[in-house]
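> please find the sequence and the predicted model below.
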Amino acid sequence: MSELPNIVVTGASGRMGQMLIRTVEASGKARVSAAVERSGHAWVGQDLGEVMGVAKGVVVTDDPLEAFATAQAVLDFTAPAATVEFAALAAQARLVHVIGTTGMEAEHLARLEPAARHAVIVRAGNMSLGVNLLVELTRKVAQALDADWDVEVIEAHHRHKVDAPSGTALMLGEAAAEGRGVSLAEVSDRGRDGITGARDRGHIGFSAIRGGDIVGEHDVLFAGEGERVILRHVATDRAIFARGALKAALWGQGKAPGEYSMADVLGF
Ligand SMILES: NC(=O)C1=CN([C@@H]2O[C@H](COP(=O)(O)OP(=O)(O)OC[C@H]3O[C@@H](n4cnc5c(N)ncnc54)[C@H](OP(=O)(O)O)[C@@H]3O)[C@@H](O)[C@H]2O)C=CC1
Ligand SMILES: O=C(O)C1=N[C@H](C(=O)O)C[C@H](O)C1
């Protein structure tokens, strides 16, 4: 019997699901004990060893409750509607629920609150070390520069991405707003098109590019009179997100119930 923590991966066949399975299995710090896909998915009933060439003996299931029963953590990079269901089940089983899913609306976030009263949730729109550092830098730069400097968050992702702005762009926008001491909801400019009028002073703009296989690129532009400051992160490998998620799952063991961020995990 392995002494390593048991980890469940939901959305196992997805871009991140597969990366998470490979990262956990290669880490030597945990093992994949179960993999979940939705009912009717071609992978359900298949051995991961057969479909991925790793984690032999783990048969993909469409029963998350059964999968969660023998695990210590679940890594969940799926879709908002699925994530809120998994949160209730993870809380029931007292698992650490690491949520990478983006595009979560207020109604989804509200449904995480009861779960976080019973179990540890670590949620971040981006689990990489580099982006979480960029978030801290953005807060500091926004604090140092006044509203004469226009803030724009520009992000680029692959053609399959379904949500915009990205979760990362929203984290960066929140950090810029916090640095300025304003509420992002009150100063956010999204999706400019047509005769928009001149830019509002103090607003934070968002632009999204979608194309090809771009893993994820984020710029925070501070545009002043006669000069610009640009903070940039470029992801070239999804392993950076998976490594962060595994770190969060291990960090969360034994922590008090509640919702935590990657900044908590990284000690920023
Ligand atoms: N926080 C971070 O660091 C990162 C976050 N992400 C986010 O992770 C999410 C997934 O991204 P990505 O892997 O590219 O997307 P994919 O579409 O490749 O994968 C999503 C997976 O989740 C599955 N899924 C959806 N609903 C359910 C359900 N009810 N039960 C079980 N499985 C389900 C999908 O299955 P099906 O195909 O059948 O729908 C699919 O296998 C996105 O929200 C993305 O923004 C991505 C990278 C990093
Ligand atoms: O969908 C993706 O791919 C990614 N999503 C996250 C986001 O919305 O910011 C993180 C990363 O940029 C990749």
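It's in. Being a predicted model, the structure only gives us computed values, none of them experimental. Numbers count the residues shown, from 1 in each chain. Ligands and ions are numbered 1, 2, ... in the order given.
> pLDDT weak spots in the chain?
1-2 (pLDDT under 70).
> residues from it in reach of ligand 1?
10-11, 13-17, 36-38, 41, 77-79, 82, 100-103, 124-127, 167, 241 (Cβ under 6 Å from any ligand atom). In short, each C-beta sits where N, CA and C put it, glycine included.
> among those, name the ones in strands.
Thr10, Val36 (DSSP state E).
> and the residues of the chain next to ligand 1, which are buried?
Neighbour-count burial (16 or more other Cβ atoms under 10 Å) is assigned, among those, to 10-11, 13-17, 36-37, 77-79, 82, 100-103, 124-127, 167, 241.
> so which of those would count as near ligand 2 as well?
Among these, ligand 2 is touched by Thr102, Gly125, Asn126, Gly167 when using Cβ under 6 Å from any ligand atom.
> of these, which pair is most distant in space?
Among those, the pair separated by the greatest distance (Cβ to Cβ) is Thr102 and Asn126, at 8.5 Å.
> give the residues shared as contacts by those two.
Common contact partners of Thr102 and Asn126 (Cβ atoms under 8 Å, 6 or more residues apart in numbering): Gly167, Thr168.
> just confirm Ala119 contacts Phe86, I think it does.
No - the pair Ala119 and Phe86 does not pass the contact test of Cβ atoms under 8 Å, sitting 11.2 Å apart.
> which ones are touching His118?
His118 is in contact with Ala91, Gln92, Arg94, Pro257, counting by Cβ under 8 Å, 6+ apart.
> can you redo those residues as CSV with secondary structure, distance to ligand 2 and neighbour count?
Converted to CSV, the contacts of His118 look like this (DSSP: H, G, I helix; E, B strand; the rest coil; distance: Cβ to the nearest ligand atom, whole Å; neighbours: other Cβ atoms under 10 Å):
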residue, secondary structure, distance to ligand 2, neighbour count
Ala91, helix, 24, 21
Gln92, helix, 27, 14
Arg94, coil, 27, 13
Pro257, coil, 26, 13
